[in-house]
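Student: Sequence first, then the predicted structure:
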Amino acid sequence: MANEDVWVIVPTYNEARVVRGVLEELLVHFPNVVAVDDGSVDASAAEIVATRARLVRHPINMGAGGALQTGVDFALLDHGARYFLTFDADGQHRVSDAVAMVEHIRTHEVAVLLGSRFLGTANNMTRGRRLLLLAARWFERLTTGINLTDAHNGLRVFNREFAQVLNMKMADMAWASEFLARIAESKLPYAEFPVTVDYTDYSRSKGQRSINSVNIGVDIMLNRLLRGHR
Amino acid sequence: MQSIKIVLIVCFLLVIVGFFRNRRRVELRAGTRILALALFALAVASVMDPDITMIAARALGVGRGTDLILYALVVVFTLTTLGLYFRLREADQRVLDLARMIAITEAVQADGLPDGQALGRRSTRGIPSATVGASDAGVAASEAEVPAPPDEVAADRQADHPHAPPGGDE
């Protein structure tokens, strides 16, 4: 089977209703899938165990960025792993996009390939969410110097070189910004790839409340400003 | 008078930023301890003779001694809060690193190293049923339900051993 050298990382937090379907769809195309259960209080872990995906279970809730980093650390233990793909557990991404992105990164000189719903399609996105993502895009552009059409898409694929320098410290939702900061620091080539994001009632109910972006923004600024020397 | 205030405020902000960016330096830590001791001595002195704060306030152009103390309190409180904020962040980070290590160690102990070949995860279909609700032991059960050729089953066994060396690339 193809894609033996790819690890799919699925951060999962209280997604018992959908995670199994998402994982099984992924397993059709990717033999290596790891679901990081971020201390779910529902039956997510049992649902993951019911598939052939690997389960890594956080003893405490760490946040999406923490779960992602755990998945990367785990996948790095496989010395044959060359590409790392992140995929949201709530079913908003399409596996066909993931397959296409892996094909793209194999054939192009990029270390990081980021999905973009604005180059592609965003189904049933609310106006508020669109504005928020536009603001996020400008925020990232100003703070990291990386200009993307969609700064906060959960569908990403990167090579081993980038996985080894990723080492994200911000466990909460601020991870998306930290991810971009790492790209900027590493100076590795990156690109965007058009993907489709399907907003459903379920994914909307699971999504971030927009006001939380204020918390995230302030945290990031404080951290950048006062990061300190090691 | 107005412009000097702006200069002072800007200086104060710069001091805070510089202070926190260099907070790991030993000289700075020693400085904060000396400052704390000095403030403590001042507090004792001003209790013994309340006029001291008033004289100091006059000298600095602040209205009353209480105002001076209030300003000093704001400064100390800001520094303390920011200091604690970063201390908490660092403590959180340690907990997260630890939890991540535990999670990965447990996963490797349960199913072996994440080596695609060694785990025999080549077949793509097969939806095991009746394992929902099973606890951690369910992993082994779901593995067993996937029909696999004998050589892959053997590979599975090997992978169950947590110290099994990772298989080579294809």
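Tutor: Great, that's in hand.
Student: CA atoms for contacts and neighbours, from now on please.
Tutor: Fine.
Student: measure stretch A:33-43 end to end?
Tutor: End-to-end distance for stretch A:33-43, by CA to CA, to the nearest Å: 19 Å.
Student: Strands of chain A, start to end?
Tutor: Using DSSP state E, the strands of chain A run over residues A:6-12, A:33-37, A:54-57, A:83-86, A:112-123, A:156-159, A:190-198.
Student: Sheet partners, orientation included, of the second one?
Tutor: Read it as strand A:33-37. Strand pairing for strand A:33-37, using DSSP bridges, gives strand A:6-12 (parallel), strand A:54-57 (parallel).
Student: out of the ones you listed, nearest to residue A:140?
Tutor: strand A:6-12 (22.6 Å; CA to CA).
Student: shaky segments in chain B?
Tutor: Scanning chain B for pLDDT under 70 picks out the ranges B:1-2, B:116-170.
Student: Just want the residue of it that's nearest chain A.
Tutor: Closest to chain A within chain B is residue B:21: 3.7 Å, counting by CA to the nearest CA.
Student: Which positions in chain A make contact with chain B?
Tutor: A:1, A:4, A:24, A:27-32, A:43, A:46-47, A:49-52, A:54-60, A:62, A:66, A:70, A:74-75, A:77-80, A:169, A:225-230 (CA under 8 Å from any CA of the partner chain).
Student: go again using 6 Å as the cut-off
Tutor: A:27-28, A:31-32, A:46-47, A:49-50, A:56-58, A:70, A:78, A:80, A:226, A:228 (CA under 6 Å from any CA of the partner chain).
Student: Closest to chain B out of these?
Tutor: For these, the nearest to chain B is residue A:228 (3.7 Å; CA to the nearest CA).
Student: How many residues are close by residue A:104?
Tutor: Applying other CA atoms under 10 Å in any protein chain shown, we find 15 residues neighbouring residue A:104.
Student: Now the phi/psi pair for residue 58, please.
Tutor: I'll assume chain A. The phi/psi pair for residue A:58 (degrees, to the nearest 10) reads phi -70, psi 130.
Student: Let me rephrase: I mean chain B.
Tutor: phi -60, psi -50.
Student: separation between it and residue B:65?
Tutor: 8 Å.
Student: who has more neighbours, these two?
Tutor: The neighbour count for residue B:58 versus residue B:65, taken as other CA under 10 Å, is higher for residue B:65 (18 against 14).
Student: so where do the helices sit in chain A?
Tutor: A:19-29, A:44-49, A:64-76, A:95-107, A:127-144, A:160-166, A:175-186, A:201-206, A:212-225 (DSSP state H).
Student: Can you pull up the most central residue in chain A?
Tutor: Residue closest to the average C-alpha location in chain A (CA atoms, centre = their mean): residue A:154, at 3.6 Å.
Student: contacting residues around it?
Tutor: Residues in contact with residue A:154 (CA atoms under 6 Å, 6 or more residues apart in numbering or on different chains) are A:87, A:88.
Student: please redo it, this time with the cut-off set to 7 Å
Tutor: A:86, A:87, A:88 (CA atoms under 7 Å, 6 or more residues apart in numbering or on different chains).
Student: Would you quantify the distance from it to residue A:133?
Tutor: For residue A:154, the distance to residue A:133 - CA to CA - is 13 Å.
Student: Check residue A:66 too.
Tutor: Where residue A:133 is concerned, residue A:66 sits at a distance of 22 Å (CA to CA).
Student: Among the two, which residue is more densely surrounded?
Tutor: Using other CA under 10 Å as the criterion, residue A:66 and residue A:133 rank with residue A:66 on top: 27 against 19.
Student: per-residue confidence at the more buried one?
Tutor: Note on residue A:66: pLDDT of 91.
Student: try the one 3 residues further on
Tutor: At residue A:69, the model reports a pLDDT of 94.
Student: again, but for residue A:179
Tutor: Taking residue A:179 on its own, its pLDDT is 88.
Student: most neighbours, which of the contacts of residue A:154?
Tutor: Most neighbours among the contacts of residue A:154, by other CA under 10 Å: residue A:87, with 28 neighbours.
Student: Surely that one and residue A:9 touch.
Tutor: Yes. At 6.2 Å, residue A:87 and residue A:9 qualify as touching, with contact defined as CA atoms under 7 Å.
Student: How much space separates residue A:21 from residue A:94?
Tutor: Residue A:21 is 12 Å from residue A:94, by CA to CA.
Student: no no, residue B:71
Tutor: From residue B:71 to residue A:94 the distance is 57 Å (CA to CA).
Student: So for those two, which sits in the more crowded spot?
Tutor: Using other CA under 10 Å as the criterion, residue B:71 and residue A:94 rank with residue A:94 on top: 18 against 12.
Student: wait, what's in contact with the more buried one?
Tutor: residue A:196.
Student: One more: residue A:85?
Tutor: Applying CA under 7 Å, 6+ apart, the residues contacting residue A:85 are A:7, A:8, A:9, A:156, A:157, A:158.
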